[in-house]
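Student: Take this sequence and fold it.
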Amino acid sequence: MEHSGWADERYGAVADVFSRNFAEFGELGASVAVFVDGRKVVDLWGGVADERTGRAWDENTVVPVFSCAKGIVSLCVHLLAQQGRLDLDAPVTRYWPEFACGGESHKNESDKTAITPRMVLAHRAGLPALDRRLSFDEITEWTPVVRAVEEQEPLWEPGTAHEYHGHTFGFLLGELIRRVTGLTPGAYFREAIGDGLGLRTWIGLPDEEVAHLARLAEAAGRPGNPDPESLVMRIVTMNGAFAFPGLDVPHGWNDPALLRAEIPGAGAVSSARGLATLYAAAATGVDGSARLLTRDTVTDVLRELTAGGSWSGFPDLGARWGSGFLLDAPGFRPMLGARSFGNDGAGGQFAFGDDEFGVGFAYTANRMIGHGDARSSRLIAAVRECLSEA
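Tutor: Numbers count the residues shown, from 1 in each chain. Here you go, the predicted structure:
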């Protein structure tokens, strides 16, 4: 397929794989960007942003990147920790006293006072889902979710087990960011990082960017009609307030009203260039600027905290988590090595950084593919090959 953009001649293999993904995986629209040692070496896009109209994917196209949002929030949290404004191993209640107040039926206050930001970053806080059923409007108002989190009892003794905190991850850490900085997480990200780097990356899509939004499409054969009361579905839908899977039903992931709101665990919108620049800035700095995260901070990020089967019995798929980021896992999310850290998003989005190889990488697409999706892994393998030959 013909694509647009540019790739350094030493990274032509990445461009070749990007083109083959369209032919071999039914790619609709997609983009990939790579930085090495702070310099952009790949910036490619192609295909269709909206299959209803045939609108082309261009260099300004952005797309919902789902849980890649967790990487954005985690970078903000680690930046605050690096500045001495947030202690990741102190109780959450140091910054958010009401966090452990609970409701009338709350019986385990001591459990919640033990929860630290690091437990949240590692999906070990015991708060993967909320008992209270909030409406879509309540969730987008922010404060009702905060109150529900304050009332929620942990499902297990915090720190002793793990379960993916699909949306609560973002609200818990987002409220900590707000308590420390006075800004909601989307606003803090733009002020502290996004605006200065000119990133086309947001938690809370501006109205003027809706016209540049790619429309998600589900691949044929994706499973449907899962049990809405299962824990995993309660986690990913906020008890049914959001549709998943489901893109075009009310409050699906093509809904601009959802994407305009700050849903910090899964509601980010970005271009591949935006996410790749972000991770490059964190790991190496960009175009001669100082890196956002020091080597010591990245070393802290990389300490493995979570792996194996989950509290609810979800099987071990090989994922490994540090503080807020996936770590290199050849059988699950292969990256480049022991200093790689990143986050993926439902349907295939993926971004990571690595300060040993000096890489910032991101891939975004609007054709959602589920288990076994090899598109980003093939691109990363091509990056690895190019690095070995450089």
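
Student: which residues of the stretch 51-200 of the chain score low on pLDDT?
Tutor: 103-110 (pLDDT under 70).

Student: mind running it again at 90?
Tutor: 101-111 (pLDDT under 90).

Student: Relative to residue 213, how far out is the residue lying closest to residue 146 once chain neighbours are set aside?
Tutor: Leaving aside its chain neighbours, residue 146 sits nearest to residue 175 (5.3 Å; criterion: Cβ to Cβ, 6 or more residues apart in numbering). In this view, the C-beta of every residue, glycine as well, is placed from N, C-alpha and C. Per Cβ to Cβ, to the nearest Å, residue 175 is found 27 Å from residue 213.

Student: Show me which of those two is the more surrounded one.
Tutor: residue 175 (24 against 19; other Cβ atoms under 10 Å).

Student: Can you give the contact residues for the one helix or strand the more buried one maps to?
Tutor: Per DSSP states H and E: residue 175 is located in helix 168-181. By Cβ atoms under 8 Å, 6 or more residues apart in numbering, the residues outside helix 168-181 that reach it are 69-70, 73-74, 76-77, 80, 85-86, 92, 95-96, 117, 120-121, 123, 125, 127-130, 142, 145-146, 149, 165, 183-185, 188, 235, 262-267, 324.

Student: which SS state does the residue nearest to residue 155 when sequence neighbours are not counted fall under?
Tutor: Excluding the flanking residues, the one nearest residue 155 by Cβ to Cβ, 6+ apart is residue 126, at 5.1 Å. Three-state assignment for residue 126 (DSSP: H, G, I helix; E, B strand; the rest coil): coil.

Student: Residue 126: neighbour count?
Tutor: 26.

Student: do the one 4 residues further on as well
Tutor: Other residues near residue 130 come to 20 when the count uses other Cβ under 10 Å.

Student: One more: residue 255?
Tutor: 18.

Student: Look up how far residue 63 lies from it.
Tutor: From residue 255 over to residue 63 (counting by Cβ to Cβ), the distance is 14 Å.

Student: Repeat that for residue 386.
Tutor: Distance from residue 386 to residue 63, by Cβ to Cβ: 25 Å.

Student: Next: residue 150.
Tutor: For residue 150, the distance to residue 63 - Cβ to Cβ - is 33 Å.

Student: With neighbour numbers in mind, choose between these two.
Tutor: More neighbours surround residue 63 than the other of residue 150 and residue 63, with 28 against 18 (other Cβ under 10 Å).

Student: Doesn't that one lie inside a strand?
Tutor: Yes. Counting by three-state DSSP, residue 63 is found in a strand.

Student: residues contacting the closest residue to it other than its chain neighbours?
Tutor: Distances taken as Cβ to Cβ, 6+ apart put residue 214 closest to residue 63, at 4.1 Å, once the chain neighbours are dropped. Neighbour list for residue 214: 29, 49, 50, 57, 61, 62, 63, 366 [criterion: Cβ under 8 Å, 6+ apart].

Student: What segments of the chain are helices?
Tutor: With DSSP state H, the ranges of helices along the chain come out as 12-25, 68-82, 109-113, 117-121, 136-141, 143-151, 168-181, 185-189, 195-197, 231-237, 256-260, 272-283, 295-302, 375-389.

Student: With respect to burial, which of these scores highest?
Tutor: Stretch with highest mean neighbour count among those: helix 272-283 (a mean of 29; mean count of other Cβ atoms under 10 Å).

Student: Between the two ends of stretch 335-354, what distance do you get?
Tutor: Distance between the two ends of stretch 335-354: 9 Å, counting by Cα to Cα, to the nearest Å.

Student: Now that stretch: average pLDDT?
Tutor: Stretch 335-354 shows a mean pLDDT of 96.

Student: on that earlier part again, separation between the residue nearest to residue 63 and residue 278?
Tutor: 19 Å.

Student: repeat for residue 72
Tutor: 7 Å.

Student: who touches both of these two?
Tutor: With Cβ under 8 Å, 6+ apart as the test, residue 72 and residue 278 both reach residue 201.

Student: who's in contact with the spatially most central residue of the chain?
Tutor: For the chain, the residue nearest the mean C-alpha position is residue 68 (1.8 Å; Cα atoms, centre = their mean). By Cβ under 8 Å, 6+ apart, the contact set of residue 68 is 268, 270, 275, 343, 344, 345, 349, 350, 351, 362.

Student: what does residue 279 give?
Tutor: Residue 279 touches 35, 71, 342, 351, 352, 353, 359, 360, 361, 362, counting by Cβ under 8 Å, 6+ apart.

Student: next one: residue 184
Tutor: Residue 184 neighbours (Cβ under 8 Å, 6+ apart): 142, 174, 177, 178, 204, 262.

Student: can you do 10 Å?
Tutor: Contact analysis of residue 184 by Cβ atoms under 10 Å, 6 or more residues apart in numbering lists 142, 174, 175, 177, 178, 203, 204, 262, 264.

Student: Then residue 95?
Tutor: 85, 86, 87, 117, 175, 176, 177, 178, 179, 180.

Student: possible to save the residues you listed as JSON lines with distance to residue 301?
Tutor: Formatted as JSON lines, the contacts of residue 95 follow (distance: Cβ to Cβ, whole Å):
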{"residue": "85", "distance to residue 301": "17"}
{"residue": "86", "distance to residue 301": "14"}
{"residue": "87", "distance to residue 301": "15"}
{"residue": "117", "distance to residue 301": "13"}
{"residue": "175", "distance to residue 301": "21"}
{"residue": "176", "distance to residue 301": "17"}
{"residue": "177", "distance to residue 301": "17"}
{"residue": "178", "distance to residue 301": "22"}
{"residue": "179", "distance to residue 301": "22"}
{"residue": "180", "distance to residue 301": "18"}
